[in-house]
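1. give me coordinates for this.
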Amino acid sequence: MVETLAHPVTAVRIAPEDDVAVALQPLEAGAEIRVELESITLRDAIPAGHKFAVRSIKAGSPVRRYRAPIGLARQDIAPGEHVHTHNVRTALAGENAYAFAGPGAGATASKPTDLHSFRGYVRADGSVGTRNELWILPTVGCVGRLGERLAVRGNAAIPAGSEGVDGVHAFNHPFGCSQLGADLEGTAAILASLALNPNAGGVLLLGLGCESNQLDALLERIPQSRRSRLRILRAQAESDEFSAGVALIDELLTEMAGDRREEVPLSALRLGVKCGGSDAMSGLTANPLIGLIADAVTQAGGAAILTEIPEVFGAENLLLERATSQDVFDRLSGLVNGFKRYFLDHGEPVSENPSPGNIAGGITTLEEKSLGAVQKGGLAPVCDVIGYGERIAPDKAHGGLTVLEGPGNDAVSTTALAAAGATITLFSTGRGTPLGSPVPTMKIASNHSLAERKPGWIDFDAAIALEQGMETAADALLKRIIAVASGEPARNESNDERAIGIWKRGVTL
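-> Sure, this is the predicted structure:
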């Protein structure tokens, strides 16, 4: 911990090995800062969330934060100087070689949390939803607006005060036609997996008829056990496609009306973890707080899912050392290197992150962003690695962390988490975003300013961890998560912010 001579806790250094501290509020040039027994005079003004050097750093030397290098010094940096993009550069270049150290060598689970429960919807296959919604999934963008109009009609048909149905939602997208090969496969896989999410108590697959993403092929991806709550509509085959859709929705709503929440253990929760619009505080408050929740859920026997592979670059060893087997290690290292190759093959550097908003918030390099971001996965063993559009395997994922192939893009990655089976997603942010996915998408603010400025977006203020302690903040957040899982709306739901994004990776005809 770092403190000013006049006022405590205005800056934080995570560990004695770190070369930098982070300002918790704007600090003026000339301010006296005490680090342990040493006093430092700030040479520069330091914006809130930005870093300053706490010791001399030679040009070309690693600059450490989170006990690890976040880049290399471009020039000599003196104690008290602002540390950012002007004097630090990334050390990332391309693919890496990795060596397996043994099963779960780096997994150090935190203190187990007392078991909790929530009220969810138990499905026939044993999975549990946090919502009982009717989802309309278009196979192709041509019928996307039809789906949205049907959703409006469906919501109007739900009786006021109905216990069994939480809403009707259509998830429009521009894909499903003029796609080829793996690109088309990705669209089909993500839609089929969304149809299997436990939060979907009923699903209407809405097709046009002539699209590449054919309904019959999509239907083959869905097990017979889930088809009783599924209906299909081919718009070109109906003289009045809207009336036909209304009839199918009414059928599903009638079947869903008898569903009721029941008490289930925390082990039934499938937790997605995600960050977006990060700042330098994200790695100090929101992300480690989410990591504690991920640990609580996995220790209870539940599942946690981490994605955003480009935001693992530079911190992948923190995950690799927790792999439970050589196979998991090989798949995870292959996924990281494969994503790097994806960038390089398109002529892009692997370090083309952080975003302008991240940089403005104090994040200097991708290594720094990644080291903060992977904390969302807690300390649980990495039990499985799955591809984009794939679903978590209950026999592998429960009691551990699953790593999911996916980019950092907010809409695409939150959609991939829902498709993988997440029934609630924790989304840390330092800059703020209203975005929501098909499942409750709780926004965890990294700083008080954001939480106070955008209360309509933010579900929880993680900055209280700096004042009350991380464990106290985690207990408070877990209570809020249980309330949302049991039916209280997340902010994105109150704002009707629900959307999907599909990863486009191929040519368009």
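2. from here on, contacts and neighbour counts on C-alpha atoms
-> Noted.
3. show me the helices in the stretch 151-300 of the chain, by range?
-> Secondary structure of the stretch 151-300 of the chain (DSSP state H, counting those that start in this stretch): helices at 181-195, 215-220, 241-256, 286-299.
4. other SSEs contacting the last one?
-> Here helix 286-299 touches strand 270-275, strand 303-306, strand 400-404, strand 424-429, helix 470-485, going by 3 or more CA pairs under 8 Å, 6 or more residues apart in numbering; DSSP states H and E.
5. quick one, which of the ones you listed is nearest to Phe118?
-> Nearest of the helices and strands packed on helix 286-299 to Phe118, taken as CA to CA: helix 470-485 at 5.6 Å.
6. hmm, who's touching the closest one?
-> Outside helix 470-485, the residues that touch it by CA atoms under 8 Å, 6 or more residues apart in numbering are 117-120, 130-131, 285, 289-290, 292-293, 424, 440, 460, 462, 464-465, 490.
7. now the strands: where do they sit in the stretch 1-150 of the chain?
-> Under the criterion DSSP state E, counting those that start in this stretch, strands of the stretch 1-150 of the chain are mapped to 2-4, 11-12, 20-23, 32-35, 38-41, 51-53, 62-65, 68-73, 82-83, 88-89, 117-122, 128-129, 133-138.
8. which residues of the chain score low on pLDDT?
-> For the chain, the stretches with pLDDT under 70 are 1-9, 36-37, 105-114, 397.
9. show me the domain layout of it.
-> Annotated domains of the chain cover 2-89, 133-260, 268-494 [automatic domain parsing].
10. quick one: terminal-to-terminal distance for the longest one?
-> Which is domain 268-494. Length of domain 268-494, first residue to last, CA to CA, to the nearest Å: 24 Å.
11. please identify the deepest-packed of the helices of the stretch 151-300 of the chain.
-> Among the helices of the stretch 151-300 of the chain, the stretch with the highest mean neighbour count (mean count of other CA atoms under 10 Å) is helix 286-299, at a mean of 28.
12. that helix vs strand 270-275, what angle?
-> Orientation note: helix 286-299 sits at an angle of 160 degrees relative to strand 270-275 (axes from the mean of the first three to the mean of the last three CA atoms, to 10 degrees).
13. spatially, what comes nearest to Val336 if we skip its sequence neighbours?
-> Spatial nearest neighbour of Val336, excluding adjacent residues (CA to CA, 6 or more residues apart in numbering): Ile309 at 6.6 Å.
14. got the contact list for the one you found?
-> Residues in contact with Ile309 (CA under 8 Å, 6+ apart) are 335-336, 339, 404-408.
15. out of these, which comes closest to Thr364?
-> Gly408 (17.0 Å).
16. once you drop chain neighbours, what's closest to the closest one?
-> Using CA to CA, 6+ apart and skipping residues adjacent in sequence, the residue nearest Gly408 is Glu308, 4.2 Å away.
17. number of nearby residues for Ala418?
-> Residues near Ala418, counting by other CA atoms under 10 Å, number 32.
18. surely it is within a helix?
-> Yes - according to DSSP: H, G, I helix; E, B strand; the rest coil, the state of Ala418 is that of a helix.
19. that one against Ala195, yeah?
-> No - at 9.9 Å, Ala418 does not count as touching Ala195 under the criterion of CA atoms under 8 Å.
20. state the distance from Gly362 to Ser355.
-> From Gly362 across to Ser355, the span is 11 Å (CA to CA).
21. next: Ala474.
-> To Ser355, Ala474 is 28 Å away according to CA to CA.
22. quick check: which of the domains of the chain is buried the most?
-> Most buried of these by mean neighbour count (mean count of other CA under 10 Å) is domain 268-494; its value is a mean of 23.
23. Gly372 is nearest to which of the helices and strands packed on helix 286-299?
-> Proximity to Gly372 (CA to CA) singles out strand 270-275 among the helices and strands packed on helix 286-299, at 9.9 Å.
24. give the partner strands of the closest one in its sheet and their orientations.
-> In the sheet, strand 270-275 lines up against strand 303-306 (parallel), strand 424-429 (parallel) (DSSP bridges).
25. what's the closest of those strands to Gly456?
-> Short answer: strand 424-429, nearest of the strands paired with strand 270-275 by CA to CA, at 13.8 Å.
26. can you list contacts of the closest one?
-> Strand 424-429 has contacts (CA under 8 Å, 6+ apart) with 130, 269-279, 282, 286-287, 290, 414, 417-418, 439-446, 485.
27. cool, stretch 390-400 as well?
-> By CA under 8 Å, 6+ apart, the list of residues contacting stretch 390-400 from outside reads 189-190, 193, 267, 297-304, 380-384, 386, 402, 419-421.
28. report the contact partners of the residue nearest the centre of the chain.
-> Residue closest to the average C-alpha location in the chain (CA atoms, centre = their mean): Lys274, at 1.7 Å. By CA under 8 Å, 6+ apart, the residues touching Lys274 are 306-308, 376, 413-414, 425-428.
29. mind putting these into a markdown table with distance to Val165?
-> Shown next, in a markdown table, are those (distance: CA to CA, whole Å):
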| residue | distance to Val165 |
| --- | --- |
| Leu306 | 29 |
| Thr307 | 30 |
| Glu308 | 32 |
| Lys376 | 32 |
| Ser413 | 27 |
| Thr414 | 23 |
| Thr425 | 21 |
| Leu426 | 23 |
| Phe427 | 25 |
| Ser428 | 29 |
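30. and those, which is closest to Arg64?
-> Closest to Arg64, out of all of these and judged by CA to CA, is Lys376, at 19.9 Å.
31. not counting sequence-adjacent ones, nearest residue to the closest one?
-> Closest residue to Lys376 apart from its sequence neighbours, by CA to CA, 6+ apart: Gly291 at 4.2 Å.
32. looking at it, that neighbour is touching Gly372, isn't it?
-> No - between Gly291 and Gly372 there is no contact under CA under 8 Å: 10.7 Å.
33. quick one: residues in contact with the longest helix seen in the chain.
-> Of all the elements of type helix in the chain, the one with the most residues (DSSP state H) is helix 326-345. Residues from elsewhere that reach helix 326-345 (CA under 8 Å, 6+ apart): 94-96, 98, 100, 102-103, 309-310, 312-313, 316, 320, 323, 349-350, 382-385, 403, 405.
34. correct me, but Tyr66 touches Asp18?
-> Yes - using CA under 8 Å as the test, Tyr66 is close enough to Asp18 to be in contact (6.7 Å).
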